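K.L.:
Sequence below, structure please.
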Amino acid sequence: MNRIIALIILVATLSLLFAPSLASGEIKVTPPTNWQPDPDNNPDTMWWYQKPTKSTFAINKGPTNMSFPLFLVGPIMAQAFADQGILESVDQVTFGHSNFGYRYFLNLTSPSKLANTSTFIQPGSILDLLDKGYDVPYKGMLILTEKQGDLYAIVLMSPKESFDNILNEIKPTIDSLRLSNSTGMLN
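P.N.:
Below is the predicted model of the structure:
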């Protein structure tokens, strides 16, 4: 039963991270400097990448039909990542403009192995922009946050040896983050 719940949580998370969003949310952010934006960025799904460092950074609003309260999703995600053996640590974080969430640090496989084992990463995704031969251990940061009833995922993936430097580099972008739905006021 625990494996089924973990699988459902994993599918929901990957769908949240990699599926196009049909929600009416809005993300306002100062883009990271020296990062290449994805040409399909829009007000509720944004990706950037750095080819030289093999890093990706994304902010994505979850589909409205996948919205769950953060107080339920946060601890369940921590357990699911722990069960998969990829959770390094989890904490609660305040960031940006009045945003609160759960932050997970994850030990991940290389982008090519992740792309080969996941049916949720579509061809032409941001991982395709990175060199698939770059098979080194990756570290990831996932922040799940909720704003006005909508879930958002903030993701950073970088080779493990450069992760801390890349995280410091995108900190101003995370601190500039504003989330809202199209009918709400920015907080």
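
K.L.:
switch to C-alpha atoms for all contacts and neighbour counts from now on
P.N.:
OK.

K.L.:
list the contacts for Leu87?
P.N.:
With contacts defined as CA atoms under 8 Å, 6 or more residues apart in numbering, the neighbours of Leu87 are Ala78, Phe81, Tyr104, Phe105, Leu106, Asn107.

K.L.:
tally of neighbours for the last one?
P.N.:
This means Asn107. Counted with other CA atoms under 10 Å, the neighbours of Asn107 add up to 20.

K.L.:
Is it possible to get a markdown table of the contacts of Leu87 that adds pLDDT?
P.N.:
Listed next are the contacts of Leu87 as a markdown table, based on pLDDT from 0 to 100:
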| residue | pLDDT |
| --- | --- |
| Ala78 | 88 |
| Phe81 | 85 |
| Tyr104 | 93 |
| Phe105 | 94 |
| Leu106 | 90 |
| Asn107 | 88 |
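
K.L.:
what mean pLDDT does stretch 30-44 have?
P.N.:
Averaged over stretch 30-44, pLDDT sits at 86.

K.L.:
Quick check, Pro32 in contact with Ile166.
P.N.:
No - counting by CA atoms under 8 Å, Pro32 does not reach Ile166; the two are 10.5 Å apart.

K.L.:
Low-confidence regions, this structure specifically.
P.N.:
Within the chain, the ranges that satisfy pLDDT under 70 run 1-25, 64-68, 110-135, 181-187.

K.L.:
can you give me the strands for it?
P.N.:
For the chain, the strands defined by DSSP state E cover 25-28, 36-37, 45-50, 55-61, 87-95, 99-108, 138-147, 150-159, 178-181.

K.L.:
what lines up beside the fourth one in the sheet?
P.N.:
Using DSSP bridges, the strands paired with strand 55-61 are strand 45-50 (antiparallel), strand 150-159 (antiparallel).

K.L.:
Including mean neighbour count, could those strands go into JSON lines?
P.N.:
Below are the strands paired with strand 55-61 laid out as JSON lines (neighbours: other CA atoms under 10 Å):
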{"stretch": "strand 45-50", "mean neighbour count": "22"}
{"stretch": "strand 150-159", "mean neighbour count": "23"}
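
K.L.:
From Trp35, how far out is Gln50?
P.N.:
Counting by CA to CA, to the nearest Å, the gap between Gln50 and Trp35 amounts to 5 Å.

K.L.:
and what of Gln148?
P.N.:
Distance from Gln148 to Trp35, by CA to CA: 29 Å.

K.L.:
of those two, who's got more company?
P.N.:
Legend: neighbour count by other CA under 10 Å for Gln148 and Trp35, higher for Trp35 (17 against 14).
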